[in-house]
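Asks: Show me how the following folds:
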Amino acid sequence: MESRRVLYSCIERKVEQMGFIKRLLGLETKPGEPETIDRKRFERDVLQGDLPCIVEFYNLWCPSCQVMAGLLNEIGPGYLERARFYKVNTERSPSIPPRYGISGVPTVIIFKGGEPVDRLAGLVPIDDLKAWIDQHL
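Replies: From the prediction side, this is the model:
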């Protein structure tokens, strides 16, 4: 009986770790958190979307990008009815960043009506990030 409990405990830990990995890679999101999108979804959801879009351009190997993703994961659900949050992996979708002059990551751009209206490059404190988003919504 004890060995079965240990086995179940190990399985639960592995499942929790997989959930973390899925969330880290953008394969699993909660409502309001940034969704990882490709070129086709970028065209459809960002450029033709009905709500303002906050888009993070990132790379998996970039530590600052991971921190920015965590900040956007935290604040995104608070904007559920007012904006959509997305993220674009610049290595998997290399045709998008040059269109917007992105030379470094993380870069966050706010789109309204399919057009970029402002951008942030690099990390900023969460309160500054919220204030920046609020001024454009």
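
Asks: spatially speaking, which residue is in the middle of this structure?
Replies: Of all residues in the chain, the one closest to the mean position by CA atoms, centre = their mean is P34, 3.5 Å from it.

Asks: How much space separates it from E91?
Replies: Here the distance between P34 and E91 works out to 17 Å (CB to CB, to the nearest Å). The way it works is simple: take the backbone N, C-alpha and C, and place the C-beta from them, glycine included.

Asks: Same check on G122?
Replies: 19 Å.

Asks: Am I right that P116 sits in a helix?
Replies: No - with DSSP: H, G, I helix; E, B strand; the rest coil as the criterion, P116 is located in strand rather than a helix.

Asks: Contacts only, for it.
Replies: With contacts defined as CB atoms under 8 Å, 6 or more residues apart in numbering, P116 is in contact with 100, 109-110.

Asks: same deal with E33?
Replies: Counting by CB under 8 Å, 6+ apart, the residues that E33 touches are 72-73, 76-77, 85.
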